[in-house]
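[1] Okay, structure incoming, though there's no sequence with it:
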């Protein structure tokens, strides 16, 4: 649920709202800035990694945050019970030294390590795990994106200080992933009676991972430093400090990168393809391109009368020239998608193709649905509840260059069909508030997720009306609900794939989103960092070393 998210493989596999930063091409030619460029960081220590953030998170509370920025930062501050191996993608121990799963797959018992401490020196115990689960399920806590993954748990028991047991009411095929990856907070930090959702610790997190939180200056930076007392002595990272610089403008960020004020940043397609083709850039930086599970979309608020009819939504998709957007704005680097699954994932049905760009067919569908220009003013209208309304809506987008380009394209193409689109670009915090209160007509966003998708969070009707829920467009379909519920209990991948293929077909028929594309991760990092590997799910900065060591 967000900028492309360039997060290490250690990130949560929860669906995470991503702020899109699919940026437009521009006519600039490559320039060699070697005379003014820096060959290494000018403003920071040699052992510091300076990482660009396109915006800052609303909070660093692991339970209430639902954006890419907080997930990224917290991945350095906190450890989980288990983690995926970078190479094999199999689960291996982390805070838990071992675990057992009952034969009926209803009981998961974890034996915790006894040498782990929170960054303030307090011991990490089973109490922290139980507390975190209880807070996730607390109705007062704003964590609907997490509740859906733990709602089938019947109880969490502390067997002793270093043993905890999760008992499910019914099997869930991702149970190990979620109980082993449950976001854990230090219980002792939240025992002062203050509001959990607004607690001061949410801006000054106390973790148990390889980096400690140092500072957060609003709209400027977040600073982490290496935890010298990290429990996992064999995996203490080489990089001593991570400075997350908040730079909203992508052009400014690119100039900062070239000057040496950034070590690591995402690139616009035009930057990746053309603007990095200079001697200075090649001498100092290495580019990376890879694909991780994600897709971007335009979401239609189905509560609005314009978008209640699926034939109208299909017409809207036919009006968006997505291939042209990919070719011209994304330099052909992204992959068109037709539904809610990653194009490389087994859940995706390759037989379902994206709808074509077809303005005439869209006009026919709109007319068949009762939308006509009855008064000749150039805008479609229709009588609803005895009152004529014009087909005019507001398109809400996050503050990114690509948002402006996408909005202009949609506005132009929709106008050709007689639909008036008003554009509203909003900064991230205000944007998410609008989503949470359902105060929008249409939005553009992207979802990022992990392996083995469970789309329940985004598509089940139970998530449509709850505060801050991820089904913010209000999609409701009885057959889809039944499939999503059943699929969660199916451990056989082939059987689950059949269910998800049918779900894919339902979404394709209903068109609650206009699905755009799966974006390529385009990155540049300074050459002074070594031991950099690209895995199937991305890069792990904790492995990086510094060439001058």
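    Yes, it's here. Quick caveat: nothing in here was measured; it's all calculated off a predicted structure. Numbers count the residues shown, from 1 in each chain.
[2] Not counting sequence-adjacent ones, nearest residue to residue 168?
    Of all residues not flanking residue 168 in the chain, residue 106 sits nearest, at 4.6 Å (C-beta to C-beta, 6 or more residues apart in numbering). Quick note: C-beta positions are derived from backbone N, CA and C, even for glycine.
[3] surely that neighbour meets residue 165?
    No. Residue 106 is beyond contact range of residue 165, at 10.7 Å (criterion: C-beta atoms under 8 Å).
[4] so what's the residue nearest to residue 168 up against?
    Neighbouring residues of residue 106 by C-beta atoms under 8 Å, 6 or more residues apart in numbering: 167, 168, 169, 170, 171.
[5] Now list the buried members of those.
    Buried members of these, scored by 16 or more other C-beta atoms under 10 Å, are residue 168.
[6] Turn the contacts of residue 106 into a markdown table, including pLDDT, distance to residue 335 and secondary structure.
    Output for the contacts of residue 106, formatted as a markdown table (pLDDT from 0 to 100; distance: C-beta to C-beta, whole Å; DSSP: H, G, I helix; E, B strand; the rest coil):
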| residue | pLDDT | distance to residue 335 | secondary structure |
| --- | --- | --- | --- |
| 167 | 98 | 41 | strand |
| 168 | 98 | 36 | strand |
| 169 | 97 | 38 | coil |
| 170 | 95 | 36 | coil |
| 171 | 95 | 33 | coil |
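[7] Can you add distance to residue 468 and give the contacts of residue 106 back as TSV?
    Listed next are these as TSV, based on distance: C-beta to C-beta, whole Å:
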residue	distance to residue 468
167	27
168	25
169	25
170	26
171	28
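[8] Check the contacts of residue 106 against residue 247 and report the nearest one.
    For the contacts of residue 106, the residue nearest residue 247 by C-beta to C-beta is residue 168; the value is 43.9 Å.
[9] Beta-bridge partners for the closest one, please?
    Listed by DSSP bridges, the beta-bridge partners for residue 168 are residue 153.
[10] separation between the residue nearest to residue 168 and residue 485?
    For residue 106, the distance to residue 485 (C-beta to C-beta, to the nearest Å) stands at 17 Å.
[11] Next: residue 545.
    47 Å.
[12] Next, the closest residue to residue 62 other than its chain neighbours: secondary structure please.
    Nearest non-adjacent residue to residue 62, counting by C-beta to C-beta, 6+ apart: residue 183, 3.7 Å away. With DSSP: H, G, I helix; E, B strand; the rest coil as the basis, residue 183 sits in coil.
[13] Am I right that residue 183 is in contact with residue 61?
    No. Residue 183 is beyond contact range of residue 61, at 9.1 Å (criterion: C-beta under 8 Å).
[14] before we move on, the earlier item: just the contacts of residue 106 now: which is nearest residue 512?
    Checking the contacts of residue 106 against residue 512 by C-beta to C-beta gives residue 170 as the nearest, at 27.7 Å.
[15] shouldn't the closest one be in contact with residue 152?
    Yes. Here residue 170 reaches residue 152: they are 5.8 Å apart, a contact under C-beta under 8 Å.
[16] Low-confidence stretches in this structure?
    Applying pLDDT under 70 to the chain picks out residues 1-45, 548-549.
[17] Domain map for it?
    Domains of the chain are assigned by automatic domain parsing as 16-74+209-291+522-546, 82-187, 294-518.
[18] Need these in CSV (columns: distance to residue 199).
    Output for the domains of the chain, formatted as CSV (distance: least, C-beta to C-beta, whole Å):
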stretch, distance to residue 199
domain 16-74+209-291+522-546, 7
domain 82-187, 10
domain 294-518, 17
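[19] Can you say which of those is nearest to residue 203?
    Closest approach to residue 203 among those (C-beta to C-beta): domain 16-74+209-291+522-546, 5.7 Å.
[20] quick one: that closest one to chain centroid distance?
    Relative to its chain's centre, domain 16-74+209-291+522-546 lies at 17 Å (C-alpha atoms, centre = their mean, to the nearest Å).
[21] how about the strands of the stretch 301-450 of the chain, start to end?
    Along the stretch 301-450 of the chain, counting by DSSP state E, counting those that start in this stretch, strands occupy 335-336, 381-384, 387-390, 392-398, 420-426, 442-448.
[22] Done for today, thanks.
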